[in-house]
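Trainee: A predicted structure for the sequence below; I have some questions about it.
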Amino acid sequence: MENFTAVAGKRRVFARPSKRFTLEGLKDMAFERSALLFALIVLSLIVWIGVKLYLDCQLTRERYGFSMLTGTVWDVPHEVYGALPYIFGTVVSSVLALVIAVPLGVGAALFLSEVAPRKLATPIAYVIELLAAIPSVIFGLCGFLVLCPFLQAHVSPWIAANLGANPIFAGPPFLTNMLAAGVILAIMVLPVITSISREVLRTVPTLQREGSMALGATKWETIWRIVLPEAKAGIVGAVILGLGRALGETMAVVMVVGNTPKIVASILQSGYTMPALLANEFNEAFNDEVHRSALLEIALILFVVTVLVNAFARLVLLLTQRPTQPEDDDRKGRVLKGLRSLADKGAPFVFGGFTALLLGVQFFVDIKAYGVAGLFRPVELATFLAVLASLVVSRIKGTLLGSKWRRFSSIVMQSVLALLAFGACFVLGALLFYVIARGAKGLNLNLFTELPRPAGIPGGGIKNAILGTFTVVGIASVIGIPLGLLGGVYVAHFGSKRLGSTVRFSADVLNGIPSVVIGLFAYAAFVLPVKHFSAWAGGAALAIIMVPTILRTTEEMLRLVPNTYLEGALALGATRAQAIRSVVIPAAKSGIVTGLMLAIARVSGETAPLLFTAFGSDQMAKSPAEAVSALTLKIYQYAISPYNDWVDQAWAGALVLMVIILVISSVARFAVRNRFAAS
Amino acid sequence: MKIKATSSFAAGIQCKRGVAFLGLLAIAMGALVGCSGGDSSSGTTGASGSASNSSGNGAAATVSLTGAGSTFVNPAMSKWTYTYHENHADVSINYQSVGSGAGIAQYKAGTVDFGATDAPLSDKELSEMPTPTVLVPVIAGCTVMAYNLPGVQNGLKLSSDVVAGIYLGKIKKWNDPLIVAQNTGLKLPDLDITVAHRSDGSGTTYIFTDYLCSVSPEWKSGPGMGKSVNWPVGVGGKGNEGVAGLIKQTPGCIGYVELAYAVQTKLNYGPIKNKSGEYVEPSIESTTAAANAGVEAMKKDIRTSIVNGESKDAYPIAGFTYLLVSKAPKDAAKAKALNEFLDWVFADGQKMAAELQYAPLPESVVGLNKTALADVKASQ
């Protein structure tokens, strides 16, 4: 892969097609130019979205300025727009998600790369990656109908009874709350953190592990003192990437967070997030310029934050993953060092600080309530025990008992890692169980052959939504696939190094922009000008989401083709474009198809962008120029409804959608393996 | 990266790749079916994909209308559009229950053919519409205070003070003395009240806050009245559907939903004390009483509020759903279809809605509508 890039640098020597005005020459030129054009379109998309959002929120930017970021009241009729409750909710739910997902995700990654035998690691890794393919709206469905009632019945009352004096757990718990949002988000960012951390861990040289073990360290000591510190910077990148995903997550959050714009410390109370606000209010904001502008400003904030977060994460990962080059040794070294120290100081700060805060407040309220007896409440006793245990352990260091302890703790910690990995699998298992068990109940032939019945009348089906999903995804594929493919070809084979890496980088960043923001953009760009909702607009929005995934996988797959293929074709007299078209691309075809299918699977589960573009319908659309429904839209509408029959159909629809997506992505992963990829 | 390219492996890939292409083919086929699935009618709009406003000039052409807005009216509206399409195969009406706020906004943006709102538009809002617009009441309904209270069935009595107190966050427990005093026979649990309200811009909220403003000076000077307000307490649900869903899921929850939702989903609700001091059950009769009391004023201004009416039989939280119809429609075929649909709604539709506990429009309001719509017809 790397030596290929080096050779590609010299390609101009023989790259120019000589027969410029023959048919072949024209074909070559058209191929190269269209690849360039498509690559530039990808690049300009991100600029276009940013600029459009910036210009469209001029009204509130000028009227409210920074006070919008600090205002705590969002009062539409009185034209008071303060975004702080939404910013607060977004940050709190995301941090909560990371607090849960980081130990779980990094632990699972450590288990997969360090502890588990390959035969076990591969299926577990696959299962965790499958979690990433599950649509947001299905998380929302399970969150609202399973997790929230479960927390409400079993967890919240216990927390409220035992820790309720603590402001973080205060107040009568609500069904929909921050905790539920945090848990759901944690599950959603888990695959991101696990799979990328695992990749990072793989880059740690085996020699280091062997050296450490040879010096007598236990496996756990090797993991904790050698492997983890080496991979730290990259893991920070993975966590930040997970943060980017959590910040922009929409549908799952909107269903479980409670939609209450209040700033309260308690995570058992309802909150609100920026993406949720956009999903709830954007459709009604076109009546009122100020309201619309305020929402677009929120979208702009979200856009800027996610772009920055993703760009930062990508840079970190780029730095950690690419082999050191002499000229940037210094700079890279400094950045990595900075990141490691960030991880060193940051992780204890976040986790230690969080724990200290919780414990401190708990001690305070218990002592206030019970006096000295407060020191013997469950939380306090547990804390004392933990401190005592760590003292004992530090005392026996170096003794015979100590070495036994080391071996014992190594085994214990490895088991803990295994538990974390199996925990992640368990989550997927539970999710699948609920979707299958409850989906099967609502599954019948009518679902596929009938149109929705009027509200509250049992029966009917969602035929139009199933067809709508195929329509919208079909349109997205027709637009998105050529764009992504040729863009990828350009980045891999034609572009100058700088333009190529710029396009690649912006594709990565585009990939991290919340889909709800893309939905807003698609409404302004594709719905408003023609004045009606349509499958076309829905497809266009999904195409934007599809392009970066396709571009990146295409590029990677092309780079995996050994350079000799290209050189051989060139030596036989093919022009560069011919060689790429007829030799390199066919060689990478199966890998590219995998990428296409994963992208198709991903957009099949998108909901938020369709709210503002495809809009939904209970009729059969007569043409793609009309508003259409989609499975995800119907699942959302039915899941939050009070009608039992609709809820059953939401589960059944989720089952159908899940089958479609899992079939596509399983086929992509198993049936079509790239022949050049490392096995 | 290790590179493997043995020929046997490559051969294996060949057949696996075939599977992948089959999969892709299947998706493509599905997409085609999706695109062409309903395209049994004229091909005038299909392939071009342009915003063809002039479709439907042909005699046999079908008309598709898109409407959006009020969730208050959705149980009735979805039944109307469904039944109407069964009897008039050439007209299909796609009504999306997205909330009155969104209905008004999308009507203004021109992305739907009609809007539906329970919050009548102000003169200013009307003047900002891109085309002259007429407000057409289509049905009257009432908003009930629905609750999920373990051990308590229908019939919890609530006065306006209590309703306002709960929504202001002053009454926090179900066994609050103010609630207990009105419900001597009921055993009220020591349970926290979870307040549910709307998270989207809503005509139901408008009617409800209109009522709260008329009974509580504190509410009037505080959150005030509107399609969406700054709620002192509670959790937000999307649409009447979402609020009803929240109430259903949450023990101790109270929320305001249209009567049809409460009846359809078997939520509990009770009588509300009206202006004359009577506890009145929400029903067709009590809503009709409220509507009839407002008729005279509606002759002057169709937007007159009917909340907290003087009549002793009137249910206090009632209102109309209005359709937003353009007076100068661009598309004659669509305008004709919409007019015929509305004529049907004023006749057969009213009876159908009564089955869902909506109150039919008073005769004189139907008369006002016909006059207003005649105006639309003339301007074509």
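Mentor: Looks like it came in fine. Numbers count the residues shown, from 1 in each chain, chains lettered A, B, ... in the order given.
Trainee: and the stretch 51-200 of chain B, which residues reach chain A?
Mentor: Contacts of the stretch 51-200 of chain B with chain A, taken as C-beta under 8 Å from any C-beta of the partner chain, map to B:51-52, B:62, B:64, B:66, B:68, B:74-75, B:78-79, B:81-83, B:85, B:92-99, B:101-106, B:108-112, B:125, B:192, B:194, B:199-200. To be clear about C-beta, it is placed using only N, CA and C from the backbone, and glycine gets the same treatment.
Trainee: try it again at 6 Å.
Mentor: Residues of the stretch 51-200 of chain B that fall close to chain A, judged by C-beta under 6 Å from any C-beta of the partner chain: B:51, B:64, B:66, B:74-75, B:78-79, B:82, B:92, B:94, B:96, B:98, B:101-102, B:104-105, B:108-111, B:192, B:199-200.
Trainee: so which of the residues you listed belong to strands?
Mentor: Among those, the residues falling in strands (DSSP state E) are B:64, B:66, B:92, B:94, B:96.
Trainee: which one (most neighbours) among these?
Mentor: residue B:96 (28 neighbours; other C-beta atoms under 10 Å in any protein chain shown).
Trainee: hmm, back to that, which PyMOL command selects the buried ones in the residues of the stretch 51-200 of chain B next to chain A?
Mentor: Remark: buried members of those, expressed as a PyMOL selection using 16 or more other C-beta atoms under 10 Å in any protein chain shown:
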select buried, chain B and resi 64+66+74+75+78+79+82+92+94+96+98+101+102+104+105+108+109+110+111+192+199+200
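Trainee: sort out for me which of the residues of the stretch 51-200 of chain B next to chain A are in helices.
Mentor: B:74, B:75, B:78, B:79, B:82, B:101, B:102, B:104, B:105, B:108, B:109 (DSSP state H).
Trainee: what's the closest non-adjacent residue to the first one?
Mentor: Read that as residue B:74. residue B:97 (3.8 Å; C-beta to C-beta, 6 or more residues apart in numbering or on different chains).
Trainee: and the one you found, bridged to which residues?
Mentor: residue B:69 (DSSP bridges).
Trainee: that one: how many residues sit nearby?
Mentor: The number of residues near residue B:97, taken as other C-beta under 10 Å, comes to 27.
Trainee: right, and it touches residue B:72 too?
Mentor: No: counting by C-beta atoms under 6 Å, residue B:97 does not reach residue B:72; the two are 9.1 Å apart.
Trainee: export the helix or strand hosting residue A:590 as CSV, just CAs?
Mentor: Assigned by DSSP states H and E, residue A:590 falls within helix A:585-604. Extracted C-alpha coordinates of helix A:585-604, given in CSV (Å, rounded to 0.1, in the frame of the first residue of the first chain):
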residue,chain,number,x,y,z
ILE,A,585,-10.9,-1.5,-11.1
PRO,A,586,-11.8,-5.1,-12.1
ALA,A,587,-9.2,-6.4,-9.7
ALA,A,588,-10.7,-4.4,-6.9
LYS,A,589,-14.3,-5.0,-7.9
SER,A,590,-15.4,-7.3,-5.1
GLY,A,591,-14.1,-5.0,-2.4
ILE,A,592,-15.7,-2.0,-4.1
VAL,A,593,-19.0,-3.8,-4.2
THR,A,594,-18.7,-4.5,-0.5
GLY,A,595,-18.3,-0.8,0.1
LEU,A,596,-21.4,0.0,-2.0
MET,A,597,-23.5,-2.5,-0.2
LEU,A,598,-22.4,-1.2,3.2
ALA,A,599,-23.3,2.3,2.1
ILE,A,600,-26.7,1.1,0.8
ALA,A,601,-27.3,-0.7,4.1
ARG,A,602,-26.4,2.4,6.0
VAL,A,603,-28.8,4.8,4.2
SER,A,604,-31.6,2.3,4.3
